[in-house]
Structures are given as C-alpha cells and as structure tokens.
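Trainee: Sequence first, predicted model second:
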Amino acid sequence: GGIITKINAIKLYCLRDEEELNTEFANKFLNLISKERNENKIGKVSVTILANMAMVDGAEFQKRSEKEGYDSVLIVDKAYLVAKTLADYFPPCKTIEFREGCIATQDFRVALIGFGKIGQELLKRLYVNGQFIGSCFKAMIFDQDYEKRVAYLKEMNPGMFDNFLHPEINGVAIDAEGIEFYQKLKELHPDYVCVAAGDSSRNRRICNEVMSFLRRNEINAYVCECTYDCVAVHSVDGKVEKKNTFVVDMLEIDHIDSIAMELNYAYLSDQDKKNKTKEETWVELSYFNKMSCRSAADFIPTLKHVVSQNTGIWDLEQLSKMEHLRWCAFYFVNGYRTMSEEEFNDRATKYINEENGYDFKFHKDEYNHLVHACLISWEDLPELDAKQNAVFRRRGYDKRVNYRNSDRSNVEVIKSIVERTEKNEIMLLNDD
C-alpha cells in the first residue's frame, strides 16, 4: 500500500531499552517514508531517540539541504532525562531570592551524593541553570570513586572547572555517612542535596538520614531523590513532589523548537539571515547549535521567575547579562573552553590570508578543538567586538558584530514570548 492523502506531521519515539535498536529503527523509518516525502504526502517528521548521547550525534539524523533526515531530532539518554526533569520542574532559581536589579542575594549551593552518570548529568544541568548575577555556583560532590569520575569529566569538559564564572566544584571520596560527610554538608549549607547513589532503597535511606540532619541543623534545603524513573523532591516541612522522567514533556521537541527557532533568528544579524525565514535558518543550523537554542528556551521560566521578584520589571541589561552567563555555562559543560588570545590572533591571520578552512567564523572552532572567543565576561565583550571587527575590515568584509546586542535581542524575544504566553497564544513548559 501507500499513503493516499497527506499526513501533516509524524512524531516518532524510539525508546527501547536496547538502544542500538533505536538508532537502527530511526534509519529504517526514514527509508520507509522516503518515497512519500518526495511526493509531498508527508509533512514534518520529528524523532526522539533514546541512545548513548556520548556516542550518537543527532546530526546523523538531521535533515540538511544536501541529505534526507528528520525535521526535528532529539537524542536523549536516561541520565539526561533525570537531570532535565529536576532542572525543569525544580529549577535552582526557586531556592534563591533576588533583589532589585535582578541580582541574587546568595550563591547557589548543591551537594551531590553519587557521581555516576546521573550525578554528572545533574551537575552539568544545574551548572547551566544555576547562573545568576551576584551569585556563584558551588557544588560539593560525595562519591568513593570521585577522583576517577571527575578526571573523565575534566578531560571531556576542560573549560567547565576553570573559567571566568569562577565555579567552586569540589569533591571528596567518601560515602554519605560518617562525621566528615556531615561536617562538610553543614559547612556547605546547601540549597539542594541531590541523591543519586544507586538503587532506590539506598537512595531512600540516604534521603531520610539527610533530611533528619537538615532539620536538626535548621538548614532549609530541598533533598532530591533521583532515579532513572522518577525525581522526588523532599522539603524540610515533609512535603514530597514527584515527577516521572519518561513523560511527553521531556521527550516532545516540536513545541520547544518553535521557541528555540525564534531565539536563533533573533540572535542572527541581518547579514547572517541573508533574507531567509526563521524556518530556513533553523534547517541549516547544526545539531549542537539547536541544542544551545533549546537550552535558552528551557531557561525562560527562570528569567520569568527573576522578573517576578523584580516587581515584574524586565531589566533588559541585567537579564541580558544573565543570559550570557547561561550561554557560556552551556558551552563549558559541552566541552568548550575559552579561546586564548594567541589562538584568536593565529586564526584571524589565517582568515585574513584566506587560508582554506578559515571563514568569518574564525572566532570559534566547532569541530576540532571546541574553543570559542565569546566565552568571556560580559564586561570584556566590547573589546572582542572591536578586535573581530578590525579583522573583518582588514579582510574587506562588510560585517560587524556586537555580542552584547545579540544577548539583548534574545531577551527581547523572550519577553515577547512570555507576553504572548500570558495571552494564551502559546504555552511554556513549567509555566507557573
């Protein structure tokens, strides 16, 4: 048989525990519908694939101008879903008070008990979503194999631990018991305690013991019990909120992509847009850059929360600074580091001399060394603008950058999205 009438959209979820079968089926399904798509009998096709995120690149399944593929692609693994569930439904901003000017009144402090796959994903997700003006991200990790596990994380994400954000990430090779553990927990005075120590019964025991300790020491923190199936958040008053990880909100991407697409388009200069629509520029975007835009979309509820504590005032400059912090943190947890001045000058010279492989994006290397010149403080961005624009002039290229304005444009679009949300035109995930 075949498709007689047109199908407007197909959403495919490949979520079997045998992860290699998920990628195999996603490829087979593309071949199955190839003829109908060429005949325009099928509209948009999106796919969510459960797979090893370290091994499977979403770009392999993404539609490009030169190859067939899915219109929207999301690669997830179980640890990623746990971390996203926690950060989306119980974001770090809810533990922080903000004063006038969208400035945090305290640091964000998290204790991580267990540093396996879930623990590492929790650290990265909270690192990205825990960036606020006037605040420092502080994490204390407890795991008997801490040194081995953090060594791998540092190797894969060299910029995450040492950068202008000045994060304080420390760890000790001990279990969640004994005098040393409770002394360090008391010193940290955490806002969050994330427990991902293994099986459910061990997690529950640790949660109960930690909750008792926090109550006795009058530490008002959330204790987050994290397993592959569920996130349970315990508050010191005895309340418990549970969220399953395998739910549509975590797996569906079409809605979040509609927002991410707007943010990407706002970030582009008129020269970069080249008279293309937001849909056309989105199709051309790399998988990593799409994930970056999705991260910005995920951060909208946090910005909205901060605005609510700023008497509802959208302080464009301050929120743009916060968006820049989030953007940098996202890059740091995905393997990037700041481009050195020596690297910048070397790449700029090669671009001016029109050497092969060096174009107007010489300020970043997305393929070989994962370096980016924009991973610097907000205060240092104008100096980078001037250096990069001087290089463009030497090359005779009519292009100008203003990276602060790019962040401002993003926040202006986010403000517009929130205002439309309030008019029920669209709906944001976790909108209170």
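Mentor: Received the coordinates, thanks. Numbers count the residues shown, from 1 in each chain.

Trainee: Mind listing what's buried along stretch 143-152?
Mentor: 143, 146, 149, 150 (16 or more other Cβ atoms under 10 Å). Quick note: C-beta positions are derived from backbone N, CA and C, even for glycine.

Trainee: wait, is the last one part of a helix?
Mentor: Yes: the assignment for residue 150 is a helix, going by DSSP: H, G, I helix; E, B strand; the rest coil.

Trainee: separation between it and residue 414?
Mentor: 34 Å (Cβ to Cβ, to the nearest Å).

Trainee: and if you look at the third one?
Mentor: Separation of residue 149 from residue 414 (Cβ to Cβ) stands at 35 Å.

Trainee: where does the stretch 1-150 of the chain dip in pLDDT?
Mentor: Confidence mapping of the stretch 1-150 of the chain against pLDDT under 70 gives the ranges 1-4.

Trainee: hey, where'd the strands end up in it?
Mentor: Taking DSSP state E, counting those that start in this stretch as the test, the strands found in the stretch 1-150 of the chain are 7-14, 42-50, 72-76, 98-99, 103-104, 108-113, 137-142.

Trainee: cool, and the stretch 151-300 of the chain?
Mentor: 168-172, 192-195, 222-226, 230-234, 240-244.

Trainee: Against which helices or strands is the fourth one packed?
Mentor: The one in question is strand 230-234. Secondary-structure packing of strand 230-234 (3 or more Cβ pairs under 8 Å, 6 or more residues apart in numbering; DSSP states H and E): helix 78-89, helix 200-216, strand 222-226, strand 240-244.

Trainee: quick check: mean pLDDT across the second one?
Mentor: Here the mean pLDDT over helix 200-216 is 94, rounded to a whole number.

Trainee: what comes up buried for it?
Mentor: For helix 200-216, the neighbour count (16+ other Cβ under 10 Å) marks 203, 206, 207, 209, 210, 211, 213, 214 as buried.

Trainee: Same question for stretch 343-362.
Mentor: 343, 344, 347, 348, 351, 352, 358, 362.

Trainee: what sits against the last one?
Mentor: Contacts of residue 362 were listed using Cβ atoms under 8 Å, 6 or more residues apart in numbering, and they are 347, 348, 350, 351, 391.

Trainee: Repeat the analysis, applying 7 Å as the threshold.
Mentor: By Cβ atoms under 7 Å, 6 or more residues apart in numbering, the contact list for residue 362 reads 347, 348, 351.

Trainee: And residue 245, by the same measure?
Mentor: Residue 245 neighbours (Cβ under 7 Å, 6+ apart): 81, 82, 85, 228, 229, 230, 231.

Trainee: Do I have it right that the fourth one meets residue 78?
Mentor: The one in question is residue 228. Yes: in this structure residue 228 lies within contact range of residue 78 using Cβ atoms under 7 Å: 4.6 Å.
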